[in-house]
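Student: Can you look at this prediction? I've put the sequence above it.
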Amino acid sequence: MSEVSNPRLLYKSVPRGYPIPGENLIYDTSRTIDLENVPLNGGFLTKTLVVSPQPWLRERLRDPERISYSTPMRLGHTFVGFGLVKVIRSEDPDYPVGQYVVGMIPWEAYTVQPWDGKQISATGKLPAFTVDVDAMSMVKVAKHPTIPWSLFMGALGGSGQTAYMGLKEHADMKAGETIFVSTAAGSVGMMVVQLAKLAGLKVIATAGTDEKVNYVKNELGADVVFNYNTTSTSDVLQEHGPIDIYWDNVGGPTLEAAIENCNLHARIVACGYMSEYNDEDRYGVKTLSWIFKRRIHIHGIVTQDFRAKWTKQFFEEVPPLISSGKIKVKEEIVHGLENAATSWVDMLMGKNIGKSVVIVAEDD
Ligand SMILES: NC(=O)c1ccc[n+]([C@@H]2O[C@H](COP(=O)([O-])OP(=O)(O)OC[C@H]3O[C@@H](n4cnc5c(N)ncnc54)[C@H](OP(=O)(O)O)[C@@H]3O)[C@@H](O)[C@H]2O)c1
């Protein structure tokens with residue numbers, strides 16, 4: 001008898017402000033699945049091992065009419081995000097039993113692949129800047145002898161790749177220069193801080209609590225670290241700047257202060273706007289004229305665009321830096337799909353230090 005429960009995270013309603021677990025996102029235990037007999041129709045059956053709470057998924061929970069850089073999630077369906085799965089039955093010779101795969105997956109215990117969202121996506125015409133998220137390819141991965149799967153959600157996954165590829169492509173880092181990094185205690189931020197230190201830069205970093213400030217200073221080795229909730233960003237940058245590079249994870253008033261404290265020919269890597277994802281009131285940055293006066297280059301990035309160019313070099317360089325301890329990785333791990341919504345919202349609210357990861361099932 002192989003009929004088992006197939007719990008999932010259900011996207012129930014569009015959130016206003018921070019999503020509310022139990023209201024916008026429901027942990028649904030009503031479904032079962034027959035693991036031995038469920039029809040595969042030439043596909044394969046996967047067991048979900050790990051999922052990755054990421055900020056950009058917040059934008060997907062929107063009114064489907066509103067255009068953005070990612071396609072909206074489908075209301076009334078299973079929440080879809082990045083994760084790692086293992087093939088447990090297969091009719092597809094490309095995906096044999098035991099194969100590990102990463103990609104955009106429904107957050108549920110078991111999935112018949114390709115899952116239904118993949119089959120119906122990309123039916124409408126999308127603007128050129130919009131990524132059809134559900135249609136993104138699944139990538140086969142091999143187990144690393146020493147590095148745990150969870151790291152493939154963060155330091156060796158989207159966050160690490162974003163930091164590494166964004167810096168390579170647009171920061172033009174030179175030893176002795178000064179970089180300013182926001183959300184420095186988070187998943188992308190911790191990688192940017194350490195890669196910049198390894199490249200010989202002076203790092204000014206900010207985070208939202210004193211505990212995070214201590215972590216970034218004492219464990220990541222940033223030179224100047226402050227809590228932006230209790231200290232003026234402008235004052236710190238005036239004292240310790242000017243800055244040659246700003247790694248922007250937040251937008252808003254922090255970006256305003258950074259622009260005002262840029263050096264001639266500074267580079268800004270616009271990676272994300274955490275200050276806006278849960279707040280429909282947009283902050284009006286008042287220092288924009290410094291962009292031309294100081295000949296500042298602002299580069300908006302989406303990591304997907306860089307993967308073909310940088311993935312090989314990333315996997316040659318970064319895993320050894322982690323294995324040797326030259327790059328330290330912190331994770332905020334929770335166990336159980338039932339805790340995935342809370343883990344995600346906690347991260348959006350800034351309760352995480354390092355990369356938030358949800359272990360859904362052990363790899364047995
Ligand atoms: N462009 C891309 O391809 C790409 C890829 C990956 C990630 N990103 C972006 O990178 C950024 C960081 O992502 P992550 O995965 O590493 O998340 P993270 O930093 O681990 O977690 C998000 C952090 O954002 C901060 N935050 C929350 N609300 C904020 C607010 N109102 N104002 C300022 N900061 C706020 C919190 O840190 P504090 O307590 O320090 O405020 C929180 O810990 C996000 O903007 C994300 O969208 C972009």
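Tutor: It's in.

Student: my guess is Ala341 meets Leu25, correct?
Tutor: Yes: counting by C-beta atoms under 8 Å, Ala341 touches Leu25, with 4.2 Å between them. C-beta coordinates here come from the backbone N, C-alpha and C atoms, glycine included.

Student: intersection of neighbour lists for these two?
Tutor: Among the neighbours of Ala341, those also in contact with Leu25 (C-beta atoms under 8 Å, 6 or more residues apart in numbering) are Leu9, Pro19, Phe79.

Student: Just name the closest of the residues you listed to the ligand, please.
Tutor: Pro19 (13.1 Å; C-beta to the nearest ligand atom).

Student: So what's the residue count around the closest one?
Tutor: 22 (other C-beta atoms under 10 Å).

Student: Tell me who's in contact with the closest residue to the ligand within the stretch 1-150 of the chain.
Tutor: Of all residues in the stretch 1-150 of the chain, Pro55 sits closest to the ligand, at 3.9 Å by C-beta to the nearest ligand atom. By C-beta under 8 Å, 6+ apart, the contact set of Pro55 is Gly272, Met274, Tyr277, Met347, Leu348.

Student: is the longest helix seen in the chain anywhere near the ligand?
Tutor: Using DSSP state H to define each element, the chain has its longest helix at helix 307-323. No: judged by C-beta under 6 Å from any ligand atom, helix 307-323 stays clear of the ligand, getting no closer than 10.2 Å.

Student: So which bits of that helix are buried?
Tutor: Within helix 307-323, the residues scored as buried using 16 or more other C-beta atoms under 10 Å are Trp310, Phe314, Val318, Pro319, Leu321, Ile322.

Student: Is the third one in contact with Ala155, as I believe?
Tutor: Yes: here Val318 lies in contact with Ala155, judged by C-beta under 8 Å, at a distance of 7.3 Å.

Student: So the regular element (helix or strand) spanning Met190, near the ligand or not?
Tutor: Using DSSP states H and E, Met190 sits in helix 187-198. Yes: using C-beta under 6 Å from any ligand atom, we find that helix 187-198 touches the ligand at Ser187, Val188, Gly189.

Student: same deal with stretch 62-72?
Tutor: No: residues of stretch 62-72 are not located near the ligand by C-beta under 6 Å from any ligand atom, the shortest gap being 8.9 Å.

Student: for Gly157, phi and psi?
Tutor: Phi and psi for Gly157, reported as degrees, to the nearest 10, are phi -110, psi -140.

Student: Tally up the residues packed near the residue of the stretch 201-350 of the chain found nearest the ligand, please.
Tutor: Closest contact between the stretch 201-350 of the chain and the ligand, by C-beta to the nearest ligand atom, is at Gly272 (1.9 Å). Residues near Gly272, counting by other C-beta under 10 Å, number 23.

Student: Not counting its neighbours along the chain, what's nearest it?
Tutor: Asn249 (5.0 Å; C-beta to C-beta, 6 or more residues apart in numbering).

Student: so who does the one you found touch?
Tutor: Val181, Ser182, Thr183, Gly186, Val188, Gly189, Cys271, Gly272, Met274.

Student: Can you get me a residue count around the closest residue to the fifth one other than its chain neighbours?
Tutor: The spatially closest residue to Val188, leaving aside those adjacent along the chain, is Ser159, at 4.6 Å (C-beta to C-beta, 6+ apart). A count of neighbours around Ser159, defined by other C-beta under 10 Å, yields 25.

Student: Next, Ser159: phi, psi?
Tutor: Main-chain dihedrals, Ser159, degrees, to the nearest 10: phi -70, psi -50.

Student: What's the separation between it and the ligand?
Tutor: The gap separating Ser159 from the ligand is 5 Å, by C-beta to the nearest ligand atom, to the nearest Å.

Student: Tell me which stretches of the stretch 101-250 of the chain form strands.
Tutor: Remark: strands assigned in the stretch 101-250 of the chain by DSSP state E, counting those that start in this stretch are 110-113, 139-141, 178-181, 202-207, 224-227, 243-248.

Student: The second one: which residues count as buried?
Tutor: The reference is to strand 139-141. Val141.

Student: And stretch 131-145, by the same measure?
Tutor: Of all the residues in stretch 131-145, those buried under the rule 16+ other C-beta under 10 Å are Val131, Val133, Asp134, Ala135, Met136, Met138, Val141.

Student: got a list of what the fifth one touches?
Tutor: Applying C-beta under 8 Å, 6+ apart to Met136 gives the contacts Gly103, Met104, Gln304.

Student: Out of these, who's the most crowded?
Tutor: Met104 (19 neighbours).

Student: I'd like the contacts of Met136 written out as JSON lines, with distance to Arg62 added.
Tutor: Rendered in JSON lines, the data for the contacts of Met136 read as follows (distance: C-beta to C-beta, whole Å):
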{"residue": "Gly103", "distance to Arg62": "22"}
{"residue": "Met104", "distance to Arg62": "17"}
{"residue": "Gln304", "distance to Arg62": "19"}
